[in-house]
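In: no sequence for this one, just the structure:
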C-alpha cells in the first residue's frame, strides 16, 4: 500500500457472505466498501446520521472493482478506505480489501480486491449541493483528512 492516508476497519468473513464455491460473493465487496466509507466518516467525528440530519445525501454514482484473489469463510480482512478525489459537489473513495493473518501479524497482508466509488452531494430532492456551503465543518474535516493532516 502507498503512503497515502488510509482508514482501516477489520471484519471476519461470515458464512452467509460466501457462495457455493466457498468464496465471498462478489456483491458483498460493495457492502464492505460502504462499511469502509461509513467508518472513515465516523472516525472523523461526523457519523453519517449527522450528515442526513443536515439534509444531505451522498448516493453512489459509480463503482469500480478489481478482483485479485478471493476472500473465504472465516478469513479476517481489513477494509482500507481513503478519499481519493474531492470537489465541492463530488467525492470519490478508494478501497483495498486485504486478508490479515491474526496468528502471525508480522506477515504481509494479502491484497484481494481494489476499487473506487464515486458520489455526489445532494439534498433530499436529489439536487446537487455544494458541500462547503451546506456543511462547511464537514467539508473541512474531509479536506483535512484527505490531505493527511
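Out: Now that the structure is in, tell me what you want to look at. No experiment lies behind these values; they were computed from the predicted model shown. Numbers count the residues shown, from 1 in each chain.
In: Looking at this protein, which helix is longest?
Out: With DSSP state H setting the assignment, residue counts place helix 28-43 as the longest helix in the chain.
In: Give me the residues contacting the very next helix or strand once past it.
Out: Note on helix 28-43: by DSSP states H and E, the next helix or strand toward the C-terminus is helix 48-53. Identification of contacts with helix 48-53 by CB atoms under 8 Å, 6 or more residues apart in numbering yields 38, 41-42, 57-58, 135, 138. For the C-beta atoms, the positions are set from N, CA and C on the backbone; glycine is no exception.
In: can you redo those residues as CSV with neighbour count, distance to residue 21 and pLDDT?
Out: Putting the contacts of helix 48-53 into CSV (neighbours: other CB atoms under 10 Å; distance: CB to CB, whole Å; pLDDT from 0 to 100) gives the following:
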residue, neighbour count, distance to residue 21, pLDDT
38, 14, 28, 97
41, 23, 33, 95
42, 15, 33, 95
57, 17, 36, 97
58, 18, 33, 97
135, 20, 44, 95
138, 19, 41, 95
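In: low pLDDT regions in the protein?
Out: Along the chain, segments meeting pLDDT under 70 span 1-4, 148-149.
In: The closest residue to residue 36 other than its chain neighbours: neighbouring residues, count only.
Out: Distances taken as CB to CB, 6 or more residues apart in numbering place residue 81 nearest to residue 36, at 3.5 Å, with adjacent residues excluded. The criterion is other CB atoms under 10 Å. On that basis, residue 81 has 27 neighbouring residues.
In: so residue 81 bridges to which residues?
Out: Note on residue 81: beta-bridge partners by DSSP bridges are residue 7, residue 95.
In: quick one: the longest helix of the chain to chain centroid distance?
Out: Mean-position distance between helix 28-43 and its chain equals 4 Å (CA atoms, centre = their mean, to the nearest Å).
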